[in-house]
Structures are given as C-alpha cells and as structure tokens.
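>>> pasted the sequence and its predicted model underneath.
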There are 2 protein chains.
Amino acid sequence: MARLLPPTLQILRRRCASRSHFSTAPSPVSPPSKAVLYDEHGAPDQVLRVADVPPVHLGDRDVCVRMLAAPINPSDINRIEGVYPVRPPLPGAVGGYEGVGQVHALGPAVTAPLSPGDWVIPSPPSFGTWQTYIVKHESVWHKVRSDVPMEYAATVTVNPLTALRMLQDFVKLNPGDAIVQNGATSIVGQSVIQLAKVHGIHTINIIRDRPGSEEAKDKLKQLGADEVFMESQLDMKNVKNLLGALPEPALGFNCVGGNAASLLLKFLRQGGTMVTYGGMSKRPVTVPTSYFIFKDISLRGFWLQRWMNSDKAEDCRTMIDYLLGLVHEGKLKYEMELIPFGKLSLALEKALGKHGSQPKQVMRF
Amino acid sequence: MARLLPPTLQILRRRCASRSHFSTAPSPVSPPSKAVLYDEHGAPDQVLRVADVPPVHLGDRDVCVRMLAAPINPSDINRIEGVYPVRPPLPGAVGGYEGVGQVHALGPAVTAPLSPGDWVIPSPPSFGTWQTYIVKHESVWHKVRSDVPMEYAATVTVNPLTALRMLQDFVKLNPGDAIVQNGATSIVGQSVIQLAKVHGIHTINIIRDRPGSEEAKDKLKQLGADEVFMESQLDMKNVKNLLGALPEPALGFNCVGGNAASLLLKFLRQGGTMVTYGGMSKRPVTVPTSYFIFKDISLRGFWLQRWMNSDKAEDCRTMIDYLLGLVHEGKLKYEMELIPFGKLSLALEKALGKHGSQPKQVMRF
C-alpha cells in the first residue's frame, strides 16, 4: 500500500484555529500508519500481518495519537485466536487493547486539555492499539504522567488495575488481613503483592514447581510477599499450619485453575471468597461440596472488560493515575521487555511461550 | 433399666401452682423416656441402640414434651457416622435434630403461653429429638398449629425452611423469574417447586435417569414444576434452547454435585448464582474458568445450621408458621412414611437406601 506524506497535523490544526467558524479548510489528516491486522481468527503467527493504513481525516473532536508502546497480553492472543468472548469485528481487526501514545494532533474542536506531546492512554482500553497512529474521539484518551517508563503507562490498565480492583471489590480488607493467590509470578500477581503491601495486607503466594522456582520465590519476597509456597509444598491436609502468625485469608485470587485452585482454597478461612480471573492451566476449578456447605466458601469471577462496562468504572482514570503514581514512587514494578515494532515476530513468539518463560513483551513503535 | 412410674407431671404442676412461692415441694419430674442413642461414631445400624432414660427433674422454666414424630434426615445419619462437622458430644448422644411433640408438663415458672397438649417443635432445631420425652428450657420450644399432619410439623424445619431461605437469601427474585435445580425429587426440591409457585417463580428441574423417572417427572409437574429434564436430555451444548418462553434462571440450587451440577450451570444466565446445599453424588463441583470470568457466575453454599446461628435466624419461627400454613392450605406437600418407633431398624434401613428409593422416614413415637 502506497504511503502518503501529508503535512504534520499539528501545523494543520494551528491553521484551522486561526480561521473563522465558517472556514471550509480541509480537516486535519493523520499520518499514514502501520497496523498489526488480522482478517480471520487463528494462530497469531499465522494470521497477523503488518499493513499500511492510509491517512484518515480527523473529526472536529478527534485526537490523533502516535503510539509509543503496547503490550502483547494473553487476552490479545485469545482475541486473535477467536476464543475470547468479546472481539473486534473481522476482517481488518487491529490487535491490541491497551498501550500508551503521544498526542500528535487535535481536531479543531477538541475541548480536553490535551497538547501535542502529551502522553495518553485509551481509557477504558479499547481495541486496536497495535498501530503507529490512532485517531479517536477525545473522550477515549486519558492524559497520563510521562515521567514513568513508557512500558508501565502501556501496561497499567489490564494487569495492575485488575489487581487493584480485585483487592477492593469482593471482600473488605483491613490492614493486617491476608490474601492468598496462585500464579503469583504473573504481572497481576506481582501487582497484588505490591498493592497489598501498600495497604498493609499480607500475601500468601503459590507458585509452580519448575526450574528457577527458588529465584522466583526470592523475587516475590523482595516485592513484599509474606509467604511464597511452591505447589509441591502444599500437598498436605492442613496447610494452615504453614501460616505461622499470618491470619487465615478471607480472599483468594486464582488465575490457574486445576490443582493450584484447590491448593488456594485450602488456605481460605470460613466464609472466604475465591475470585477467578484466569485459567492458565486450562483446567477447571474443582471444589468439594463441603467447602460450600460447611466452610461457606464463595466463588466469584473478575473480568476487567466487564468491570469497565459497569458503573463502577467511573473512577477508572483516577485509579490509573494512582497506579502510575506508585510506579513513579518505585512501589509498583514488574519485569517487561520492550521490543522494537520491527521485531514483532520475535515478540509474538516470546509472548506465545515459544522461547520458554519470558517477561511481558511490550512493542515499542 | 427399671422404669419408674411417677405421677403425671400435669398433676404435679397444678399442685405447684397452688402453692406459695416459698414452697419446698419437689420439682416436677419427666416420665421415663426411651431414646435412640450412640456412644461412638459408625454405621447407624451398628452403633445405635434404644435405651431407657430415667426421669429428670424439670427446672423452673423447663418444659417436658412427649415427642410425637421425628424424621431420619441424611444429616442425622451423617452426624451418627461422624462425618458432619457439628455433632452432639459422645458418649450418650441422642439422634435426631428436628421433630414435633406435645407439651406434657411445665416447670413452675414457665412464662411462655404453653399448655399441656400443645404441639411444639424445637426451634431452632436441636440435637436429640429421637426420644419419647424431652425436657428443655421453655425458650427452645415453639408452639405450632396442630391441624396439620404431625409428619409435616416434624419435618418443616430442615427441608422446607432450607428451600424458603435459599429462595430468599441469594438473589432478589420477582414474579415471572425462573430458578433451576437438580435433585428436584428431594423434599427440598419439591418444596422449592411449590414455594416458587406460590411466589410466581418458574422452576426448571433436573432429575436423575432411573427406572420411574417418568413418574417422578409427572409428580413434579403436578406440584407445579414448569420444566423437568432428565440428566440425559441435557447432554447438549446449548440447553437454553430447551427453555422455550421461560427466562434464563438467575439462581440455581445444587444438592447433587458432579455432572448434575455442571448441567445446572449450563442453564444459568450471565451473572447467575448457584447455591450448593448438598452433595448426593459425593462428587465435587467442577466449573470451567470461563464461567467465572466471562459468565460472571457466583458459587455459594447454604447450610441451615449456620443460618440458624446468624442474626437472620430471628424470623425462623415466623417462617415455620408460614410454611405450616401452606401445608394446611394444601400448597406444600411431599411424600413421607410414618413408621412406628418399634420399627426403628426398618426405618433406618429405608433411610439408608437399603430398600431402594423410599419416601422420607418419619418415626412415630
């Protein structure tokens, strides 16, 4: 596809601003963009292609954003595979759901306090962040601080916000309480540990047995984890003897399923709640009847995309700011790998687990 | 054990009432009683014995009740087996948890409006109803109407009250809504159908495939069931096509576990709740991760014994009266077999399933 070379939109906008309301000047136009597209569902390395996207005219209140970085999250992969319940329409779907960009140009009637160069994220997140320029209505964009590493701004919504909401939405926790989670090395898991610590909540963490588990355990402890157990350590009837002075947790987060969920349930106190937000083992959650009847355990689910559509999501942007504030203070960190857009194939392979355990892959545009 | 033959306590009480406060008359004494006892946990037909219990003195505010009838519930069996989490202390535990009796005599300072001959039930229910005379503080006893068959007064708490609470405690239901349940032929199941019907709620019912299923289906329909499916009919992906004009249920009751719980979950609408109150199949509840995340399904548990200890239990007696009112009006019925106390062994065998499917066994003292 041929690339156009339009004037920069900043110039265009300035030109518009100096004219009268009745100007018939052409609306500003985005630069040509490159997007990671798919026309049918399937394995990402089979169906994704990088395509040139022609410039688009900005509506009066549109903002054109030059994307800086966007992660490859498991849910992005699942959308491409067609196994995620909410997906962009085909053909011509652009990958990605969150990311950070820089304001490139503004439509002539934009009222939001945005200036070229500002960092913005789509908030609530929205489909199609895997492209170099995005034009969307000003209401989509939330200005964020630019004094944090861009990969944090690019990833703050899907994982850390999930951790924050899950800590707040299900059980009233007080300082000194404890929670338990499996999949603790995931970014949500690491965020849970650090956010809990900020609020004085103890964390009991379950990780897989695999080469490097001891190092993973140490890393989580450095983040503030109170206890980290490998699954094999929990193959006993009364895991609560392992809690020492920690209180029995009233809340648990499950992103694994199968045995790892069963181990988590063993820790929960009478009347406790387990929230499932992932199923990395691809195995179901299996619960003895007695847990429901006699232990009064509740099982719930969390899905950020549903939460974003609820009335609770109003404060989403405030929470994003809070989380990036913690990043800035060094209280929230997790490992990521920024990888140039040109190396998309490698980033995908890593995200798909084809190179063993890898940090979160974040594309740098 | 020798039986004493005391004067009837009614006479004793009348005698007490005519004396001054400073009377030193002996306190009234209960007649000798027979009780179904166990000294250790085990198979009921191995560990239960009928024992004579000597007369006991009534405290000032005690009431002596001649028991009329008490059922053999599965939880009674489980307590005897020692697999129920809350059990009477050993040795000398008396079986049973609910039942109905007739006021036989009152301690001299009883203030409750009770008279000899009144029907009473222990409310909240309490251990030890399998005996011919019980002496307990007046606060234990709730007077109930005596114009219903005694087997209903004897069984109204454990099963129908469970049905009523489960319909009220988890999801706000409105007339026209639907619920789904498995184990629909159980007494709780039959009560759910009838109580739902009284409130304009539709019921979708799942029953086992077995000889007699068609008759069972017809019986449940006569009680007011909207739909009754055998498990084998639900071996399909989209069971909701079977609902016709019925709305998708927001609430389900599971007393079976295993596959029957999975079938129930298929019916639940987005955001629905499944409440587990039994595990007849002795198989756990298994739930795909996606149900929690994308269908927002909640799993809860109900245990009447816990509910009785909660502050919600205040209205327990009002609810008992309501339920017995429905029985009186012919709006709540279920099959039972009254069996003489002398045939305890046979009743136990039937309750233990040794004679195939049998109606609820209720001992008649």
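Arrived safely, thanks for sending.

>>> how close does A:Glu329 sit to A:Leu323?
Distance, A:Glu329 to A:Leu323, by Cβ to Cβ, to the nearest Å: 11 Å. Every C-beta, even on glycine, is put in place using the N, C-alpha and C of the backbone.

>>> list the contacts of stretch A:346-360.
Applying Cβ atoms under 8 Å, 6 or more residues apart in numbering or on different chains, the external contacts of stretch A:346-360 come out as A:44-45, A:48, A:71-74, A:77, A:155, A:187, A:210, A:212, A:334-337, A:339, A:361, A:363.

>>> in strands, which of those fall?
A:71, A:336-337, A:339, A:361, A:363 (DSSP state E).

>>> got a PyMOL select line for the buried ones in those residues?
In PyMOL syntax, the buried subset of those is picked out as below (16 or more other Cβ atoms under 10 Å in any protein chain shown):
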select buried, chain A and resi 71+336+339+361+363
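
>>> which among the ones in strands among the contacts of stretch A:346-360 gets closest to chain B?
Distances from chain B to these, taken as Cβ to the nearest Cβ, are shortest for A:Pro71 (19.2 Å).

>>> what's stretch A:166-177 in contact with?
With Cβ under 8 Å, 6+ apart, stretch A:166-177 has contacts from A:179, A:188, A:192, A:195-196, A:199-202, A:247, A:249-251, A:253, A:272-273, A:275, A:277, A:300, A:302, A:307, A:312.

>>> buried ones in that stretch, by neighbour count?
Under 16+ other Cβ under 10 Å, the buried positions of stretch A:166-177 are A:166-167, A:170-171, A:173, A:177.

>>> how much space separates the closest residue to A:Phe341 other than its chain neighbours from A:Thr129?
Distances taken as Cβ to Cβ, 6 or more residues apart in numbering or on different chains place A:Phe365 nearest to A:Phe341, at 4.9 Å, with adjacent residues excluded. Using Cβ to Cβ, A:Phe365 is found at 10 Å from A:Thr129.

>>> count of neighbours near the residue in the stretch 1-150 of chain A positioned nearest to chain B?
In the stretch 1-150 of chain A, the residue found nearest to chain B is A:Pro85; the distance is 4.7 Å by Cβ to the nearest Cβ. Here the number of neighbours of A:Pro85 (other Cβ atoms under 10 Å in any protein chain shown) works out to 13.

>>> now do A:Lys360
By other Cβ under 10 Å, 21 other residues sit near A:Lys360.

>>> so it bridges to which residues?
A:Met336 (DSSP bridges).

>>> other SSEs contacting the host helix or strand of A:Leu195?
If you go by DSSP states H and E, A:Leu195 is part of helix A:187-198. With contacts taken as 3 or more Cβ pairs under 8 Å, 6 or more residues apart in numbering or on different chains; DSSP states H and E, helix A:187-198 sits against helix A:162-169, strand A:178-182, strand A:202-207, helix A:213-223, strand A:251-254, helix A:316-328.

>>> apply 7 Å and report the result again.
When contacts are defined as 3 or more Cβ pairs under 7 Å, 6 or more residues apart in numbering or on different chains; DSSP states H and E, helix A:187-198 sits against helix A:162-169, strand A:178-182, strand A:202-207, helix A:213-223.

>>> which one of those is the most hemmed in?
Highest mean neighbour count of these: strand A:178-182, a mean of 29 (counted as mean count of other Cβ atoms under 10 Å in any protein chain shown).

>>> what angle separates that one from helix A:187-198?
170 degrees (axes from the mean of the first three to the mean of the last three Cα atoms, to 10 degrees).

>>> could you name the helices and strands sitting against strand A:178-182?
Helices and strands touching strand A:178-182, by 3+ Cβ pairs under 7 Å, 6+ apart, are helix A:187-198, strand A:202-207, strand A:251-254, helix A:258-267.

>>> list the strands paired with that strand, with their directions.
If you go by DSSP bridges, strand A:178-182 pairs up with strand A:202-207 (parallel), strand A:251-254 (parallel).

>>> other residues contacting it?
Applying Cβ atoms under 7 Å, 6 or more residues apart in numbering or on different chains, the external contacts of strand A:178-182 come out as A:189, A:192, A:196, A:201-206, A:246-247, A:249, A:251-256, A:260-261, A:263-264, A:267-268.

>>> coming back round to it: and the spatially closest residue to the residue of the stretch 1-150 of chain A closest to chain B that is not a sequence neighbour, how many neighbours?
Closest residue to A:Pro85 apart from its sequence neighbours, by Cβ to Cβ, 6+ apart: B:Phe294 at 4.7 Å. Residues within reach of B:Phe294, counting by other Cβ under 10 Å, total 17.

>>> wait, B:Phe294 sits on A:Phe302?
No: contact criterion Cβ atoms under 7 Å: B:Phe294 and A:Phe302 do not qualify, at 10.9 Å.

>>> what sits against A:Trp141?
A:63, A:65, A:114, A:120, A:122.

>>> may I ask which two of these are separated the most?
A:Leu114 and A:Pro122 (13.2 Å; Cβ to Cβ).

>>> mind checking which of those two has more residues around it?
A:Pro122 (24 against 17).

>>> what pLDDT is listed against the more buried one?
Per-residue pLDDT puts A:Pro122 at 96.

>>> next, give phi and psi for A:Lys333.
phi -150, psi 150 (degrees, to the nearest 10).

>>> run a quick neighbour tally on A:Pro211.
For A:Pro211, using other Cβ under 10 Å, the count is 9.

>>> likewise A:Lys343?
Residues near A:Lys343, counting by other Cβ under 10 Å, number 14.

>>> OK, contacts around the residue nearest the centre of chain A?
Centroid check for chain A by Cα atoms, centre = their mean gives A:Val158 as the closest residue, at 1.9 Å. By Cβ under 7 Å, 6+ apart, the contact list for A:Val158 reads A:73, A:75, A:97-98, A:125, A:304.

>>> hang on, the earlier thing: just the contacts of A:Trp141: which are in strands?
Using DSSP E, these in strands are A:63, A:65, A:120, A:122.

>>> show me just the buried residues among these.
Buried, going by 16+ other Cβ under 10 Å: A:63, A:65, A:120, A:122, out of these.

>>> intersect those with the contacts of chain B.
Among those, no residue is within reach of chain B (Cβ under 7 Å from any Cβ of the partner chain).

>>> turn those residues into a markdown table, including distance to B:Lys34.
Shown next, in a markdown table, are these (distance: Cβ to Cβ, whole Å):
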| residue | distance to B:Lys34 |
| --- | --- |
| A:Val63 | 86 |
| A:Val65 | 85 |
| A:Val120 | 82 |
| A:Pro122 | 76 |
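
>>> among the residues you listed, which one lies nearest to A:His137?
A:Val63 (7.5 Å).

>>> ok, and the closest non-adjacent residue to the closest one?
A:Val63 sits nearest to A:Glu138 (Cβ to Cβ, 6+ apart), 5.0 Å away.

>>> for that neighbour, give me its contacts.
A:61-63, A:110, A:112, A:114.
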